[in-house]
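Participant: Everything below, folded, please.
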Amino acid sequence: MIVRPAKNILGAVRLPGDKSISHRYAMLAAIANGTSRFQNFSTGADCASTLRCVEQLGAKVRHTESTLDIEGRGAQLHAPAAALDCGNSGSTMRMLAGILAGQAFSTELVGDESLQRRPMARIVEPLTRMGARVLAGEGGRPPLRVSGGKLTAIEYSMPVASAQVKSAVLFAGLFANGTTTVEEPLRTRDHGELALRAFGAEVQRSKNRISIAGHQPLAAISAGIPGDISSAAFFMCAAALFPGSNLVLDNLLLNPTRAGLLDVLSAMGARISVINLQDHHGELVGTVKVEHGKLTGAKISGAQAAALIDELPVLASIASYTQDGIEVRDARELRVKESDRISAIAKGLRKMGAVVDEFEDGFRVPGGQQLHGAKLDSAGDHRVAMALSIAALKATGESTIRGAESVAISLPEFFQLLDAIADR
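Facilitator: Here you go, the predicted structure:
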């Protein structure tokens, strides 16, 4: 994909449904009683992998022009005829393993070359403690084989903050005798808890401890899924860069555990306003307007780095154009995503002429640097491809991004939407 410089960002964007919510709604709909109906379900390939998997497990999935219907099977799924292909989706593999831990059959979960490098030991340990038999491949990586059975509730303190692991254990807790409690070291996105409540389960939270009692039946829901805020991050950062920019994002997810980028951009100097806030099944949804402001810089670490893990690549991509630059620490998790995102972003920005300091757990990109167009490699990672595209918008000369088709993992429409709002 060739990306040419822009003058500013103007217009409105309405994004497909949030990927994190879409995954969880599809999985819970499959084990709910009745037929759930969703509007604005994610168009990304990762969520399509989840839909294919729940179909193989007996749920009926029907697409219409504007809705997605999933007819659930109640608590008991049926054994798939073949291995479940999770594609590129670590979310699918980790969270679905929690549901499969409570089923009376064995299932193999496989994925593509990228997914085969992702760490899965973090779900093997808690699900095994609950009574399932979970076997990972070499080095605790895929494929996974889950042999479900009668589960017993546990209290589990997560060694690493992970919303996917938390959701997997809570989903398994639905099938366990007793009350399962998960304690997270840092608060992570809470879509799993909110989705469980939306489907009728009682979930308790006390500070960083979340509990669910076993054997609660789920009931089908009808829901519109708000726009994906992690995808919106790329467009918001682009708008913040250019004087004269004016971008409106409607029906956008504004869950407090996901909306930290708004605070960061505001603190850096971008002008951001939020209107029309509403509650949709516990999720905050609203309209966001982003205008340019002189961007200073930021230092991100600790809990803030964990909360912004999906947005850190695009923050790196605009750091050169800020006054003071951006430094990120405590983000080692970036190295075990679809690619080593710290390395991939650093390599791309250096090719564009930037100075980048790379750390084991983060990076520092000094401000006041003008980038130039270059031939860039996405490392097959959707967020790297999109982040480098935003850096290229303000560079001198055009850039070519190899592996740009990877954006289909989360937002197939990315380049079309970007072209529609980039004033050249």
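
Participant: Quick one: the helices in the stretch 201-350 of the chain, in order.
Facilitator: For the stretch 201-350 of the chain, helices defined by DSSP state H, counting those that start in this stretch occupy the ranges 229-241, 260-268, 302-307, 312-319, 341-351.

Participant: Kindly report the same for the stretch 1-150 of the chain.
Facilitator: All helices of the stretch 1-150 of the chain, identified by DSSP H, counting those that start in this stretch, fall at 19-30, 45-56, 90-100, 121-130.

Participant: now the angle from the last one to helix 90-100?
Facilitator: With axes from the mean of the first three to the mean of the last three Cα atoms, to 10 degrees as the criterion, the two stretches helix 121-130 and helix 90-100 enclose an angle of 0 degrees.

Participant: Distance of the closest residue to Asn33 other than its chain neighbours relative to Leu28?
Facilitator: Nearest residue to Asn33, sequence neighbours excluded (Cβ to Cβ, 6 or more residues apart in numbering): Gly74, at 5.2 Å. Placement of C-beta: from N, CA and C, glycine included. Between Gly74 and Leu28 the computed distance is 12 Å (Cβ to Cβ, to the nearest Å).

Participant: on that earlier part again, these two touch, right, the residue nearest to Asn33 and Gly34?
Facilitator: No - Gly74 is beyond contact range of Gly34, at 9.1 Å (criterion: Cβ atoms under 8 Å).

Participant: Of Gly74 and Leu28, give the one with the bigger neighbour count.
Facilitator: Counted by other Cβ atoms under 10 Å, Gly74 and Leu28 do not tie: Leu28 has more neighbours, with 28 against 13.

Participant: is it true that the more buried one touches Pro217?
Facilitator: No - judged on Cβ under 8 Å, Leu28 makes no contact with Pro217 at a distance of 11.5 Å.

Participant: what bridges to Arg364?
Facilitator: Taking DSSP bridges as the rule, Arg364 bridges to Glu327, Asp357.

Participant: and Gly58, what is it in contact with?
Facilitator: Ala30, Arg73, Leu77, His78 (Cβ atoms under 8 Å, 6 or more residues apart in numbering).

Participant: Not including adjacent chain positions, what is the nearest residue to the last one?
Facilitator: It refers to His78. Gly58 (4.2 Å).

Participant: returning to what we had before: among the helices of the stretch 201-350 of the chain, which comes closest to Arg145?
Facilitator: helix 341-351 (28.6 Å; Cβ to Cβ).

Participant: With just CA atoms, put the closest one into PDB.
Facilitator: C-alpha atoms of helix 341-351 as PDB (Å, rounded to 0.1, in the frame of the first residue of the first chain):
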ATOM      1  CA  ARG A 341       5.700  -4.500  18.100                       C
ATOM      2  CA  ILE A 342       8.500  -2.700  19.800                       C
ATOM      3  CA  SER A 343      11.000  -3.900  17.300                       C
ATOM      4  CA  ALA A 344       8.800  -3.600  14.300                       C
ATOM      5  CA  ILE A 345       7.700   0.000  15.000                       C
ATOM      6  CA  ALA A 346      11.300   1.000  15.800                       C
ATOM      7  CA  LYS A 347      12.600  -0.400  12.500                       C
ATOM      8  CA  GLY A 348       9.900   1.300  10.600                       C
ATOM      9  CA  LEU A 349      10.500   4.700  12.100                       C
ATOM     10  CA  ARG A 350      14.200   4.500  11.700                       C
ATOM     11  CA  LYS A 351      13.700   3.800   8.000                       C
END
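
Participant: pLDDT on that helix, on average?
Facilitator: Average pLDDT, helix 341-351: 98.

Participant: could you say what helices and strands that helix packs with?
Facilitator: Secondary-structure packing of helix 341-351 (3 or more Cβ pairs under 8 Å, 6 or more residues apart in numbering; DSSP states H and E): helix 312-319, strand 357-359, strand 362-365, strand 375-377, helix 382-393.

Participant: The same query, at a cut-off of 10 Å, please.
Facilitator: Contacting helix 341-351 under the criterion 3 or more Cβ pairs under 10 Å, 6 or more residues apart in numbering; DSSP states H and E are the following elements: helix 312-319, strand 357-359, strand 362-365, strand 375-377, helix 382-393, strand 399-402.

Participant: Could you export these to a markdown table, including columns for distance to His280, mean neighbour count and mean pLDDT?
Facilitator: Below are these laid out as a markdown table (distance: least, Cβ to Cβ, whole Å; neighbours: other Cβ atoms under 10 Å; pLDDT from 0 to 100):
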| stretch | distance to His280 | mean neighbour count | mean pLDDT |
| --- | --- | --- | --- |
| helix 312-319 | 25 | 27 | 98 |
| strand 357-359 | 39 | 14 | 98 |
| strand 362-365 | 34 | 23 | 98 |
| strand 375-377 | 37 | 18 | 98 |
| helix 382-393 | 25 | 29 | 98 |
| strand 399-402 | 34 | 19 | 98 |
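
Participant: so what are the domain limits for the chain?
Facilitator: 2-16+226-423, 19-224 (automatic domain parsing).

Participant: ok, back up a step: any common contacting residues for Gly74 and Gly34?
Facilitator: Counting by Cβ atoms under 10 Å, 6 or more residues apart in numbering, the residues touching both Gly74 and Gly34 are Leu218.

Participant: low-scoring pLDDT stretches of the stretch 51-200 of the chain, where are they?
Facilitator: Applying pLDDT under 70 to the stretch 51-200 of the chain picks out no residues at all.

Participant: picking that back up, can you add distance to Ser106 and give the helices and strands packed on helix 341-351 back as CSV?
Facilitator: Shown next, in CSV, are the helices and strands packed on helix 341-351 (distance: least, Cβ to Cβ, whole Å):
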stretch, distance to Ser106
helix 312-319, 37
strand 357-359, 42
strand 362-365, 40
strand 375-377, 39
helix 382-393, 32
strand 399-402, 40
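
Participant: right, and these - which one's nearest Gln304?
Facilitator: helix 312-319 (10.1 Å).

Participant: Show me what that closest one is packed up against.
Facilitator: Helix 312-319 packs on helix 229-241, helix 260-268, strand 297-300, strand 325-328, helix 341-351, strand 362-365, helix 382-393, going by 3+ Cβ pairs under 10 Å, 6+ apart.
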